[in-house]
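Visitor: got a predicted structure here, sequence first:
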Amino acid sequence: MTCFWDSIIASLNYEDARILGINPMHKNKTIFIQRLKEKNKLVDVLWQGKPLRMQEKKEHFEAVKNYNINGIKNGHLTSICDSFLLLICDLLNVNIEHKYLHNIITYKTKNKCRKILKFKSNKGHFSR
């Protein structure tokens with residue numbers, strides 16, 4: 001069950017792939033996650049309109065760093081403040097709107113926003 005990764009990868013365009021250093025024609029999940037891990041950093045974005053505290057930034061950095069790529073077929077337990085969505089927001093200078101059931105969770109770049117990615121999820125599925 002890789003709906004989290006499939007949805008994110010499907011939302012990427014050529015420019016996003018170039019920024020991440022992946023082949024835009026062959027968006028492999030394992031390579032995509034590996035690139036995110038390689039480009040991992042302390043994010044500087046707004047979550048729900050507020051900046052993260054330094055301790056939160058460190059925890060999200062560690063979560064990405066320690067993510068087990070070999071377990072992606074078991075699904076991704078998407079957090080209400082998801083480490084990978086934070087990182088993608090920061091790396092790609094995009095805003096992300098994640099609708100979980102009836103709640104909108106926002107991730108906003110502090111830089112000029114290139115586009116808005118919209119996702120939705122329930123207790124078992126993540127999609128565009």
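Guide: Okay, I see it. Since we're looking at a predicted model, the values are computed, not measured.
Visitor: any idea how far K37 is from N66?
Guide: 9 Å (C-beta to C-beta, to the nearest Å). Every C-beta, even on glycine, is put in place using the N, C-alpha and C of the backbone.
Visitor: who has more neighbours out of the two?
Guide: Shown here are N66 and K37; by other C-beta atoms under 10 Å, K37 has more neighbours (15 against 9).
Visitor: tell me the centre residue of this protein?
Guide: Against the mean C-alpha coordinate of the chain, by C-alpha atoms, centre = their mean, the closest residue is L85 at 2.5 Å.
Visitor: tell me which element it is part of?
Guide: Assigned by DSSP states H and E, L85 falls within helix 83-92.
Visitor: who touches that helix?
Guide: Helix 83-92 is contacted by residues 4, 8, 16, 19-20, 36, 39-41, 43-45, 47, 52, 60-61, 63-64, 67, 76, 78, 94-96, 98, 107-109, 114, 117 when judged by C-beta atoms under 8 Å, 6 or more residues apart in numbering.
Visitor: one more pass at 6 Å, please.
Guide: 16, 19, 36, 39, 43, 45, 60, 63-64, 96, 107, 109 (C-beta atoms under 6 Å, 6 or more residues apart in numbering).
Visitor: quick one: average pLDDT of the helix or strand following that helix?
Guide: Downstream of helix 83-92, the next assigned helix or strand under DSSP H and E is strand 95-100. Across strand 95-100, pLDDT averages out at 96.
Visitor: fine by me, we can end here.
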